[in-house]
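> Here's a sequence, model it:
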Amino acid sequence: MYAAAVDAASSSPTTPDSASTPPSPTNPNVGATSTPSPASAYLHRLATSGGPYYALLELKGRPFHLTKGDLLTVPRLKDVPLGAELALDKVREIGSKEISLRGAPYVSPNVAQVKAVVVEHWLSAKRTTVKEKRRKGYKRTYGHRMHLTSLRVTEVAVNEA
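Below is the predicted model of the structure:
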């Protein structure tokens, strides 16, 4: 149990533990060590590796492995005009030749930047499907063309955020 002590200045009861503890500093960083966390050291190592970066990202529910200058063919991106620059933020992994950083599930957009420009909207080659029934003279031919968008990757970068 606590023994009640009376402070002469305020005459309010205090506990012995609270009387002996110094008041907390107004700056929470006072007394903190300056050593970086393992995650920030790892990120610094990735940012200073310098080499060309690669990224594994998710776009329209599909994974794409890319580097700067790659041409991506993705399912049609509606309402995106030609020449528009896109910031692709669902990056699952980014890295260089020596080191990589994997997100859970995504790497923060403050850390990994992937940008691409819309090059063209186009239709794929026609795929023909034949439907028939044996010995009945029934034959139907169906055609299908997918709507696609081509993207040129302009930037794959790592920031120390």
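> my read: E98 touches S49, true?
Yes - proximity of E98 to S49 meets the contact threshold set by CB atoms under 8 Å, at 5.2 Å. No exception for glycine: its C-beta is placed from N, CA and C like everyone else's.
> In the protein, spot the helix with the most residues.
Ranked by number of residues, the top helix in the chain under DSSP state H is helix 38-47.
> neighbour-wise, which of E98 and S49 wins?
Each of E98 and S49 has its neighbours counted (other CB atoms under 10 Å); S49 has more, 16 against 10.
> Buried residues of the longest helix of the chain, list them for me.
Within helix 38-47, the residues that count as buried by 16 or more other CB atoms under 10 Å are 43, 46-47.
> I'd like to know which of those is nearest to R62.
Taking CB to CB as the measure, R62 lies nearest L46 of those, at 25.1 Å.
> shouldn't that closest one be in contact with G95?
Yes - if you go by CB under 8 Å, L46 and G95 touch, sitting 6.9 Å apart.
> Overlap in contacts, those two.
Contact criterion CB atoms under 8 Å, 6 or more residues apart in numbering; residues shared by L46 and G95: L101.
> now the buried residues of helix 38-47 as CSV including distance to E155 and pLDDT?
What follows is those, written out as CSV (distance: CB to CB, whole Å; pLDDT from 0 to 100):
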residue, distance to E155, pLDDT
L43, 18, 80
L46, 16, 82
A47, 14, 82
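> Need those residues in a markdown table (columns: distance to Y138).
Converted to a markdown table, the buried residues of helix 38-47 look like this (distance: CB to CB, whole Å):
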| residue | distance to Y138 |
| --- | --- |
| L43 | 63 |
| L46 | 61 |
| A47 | 64 |
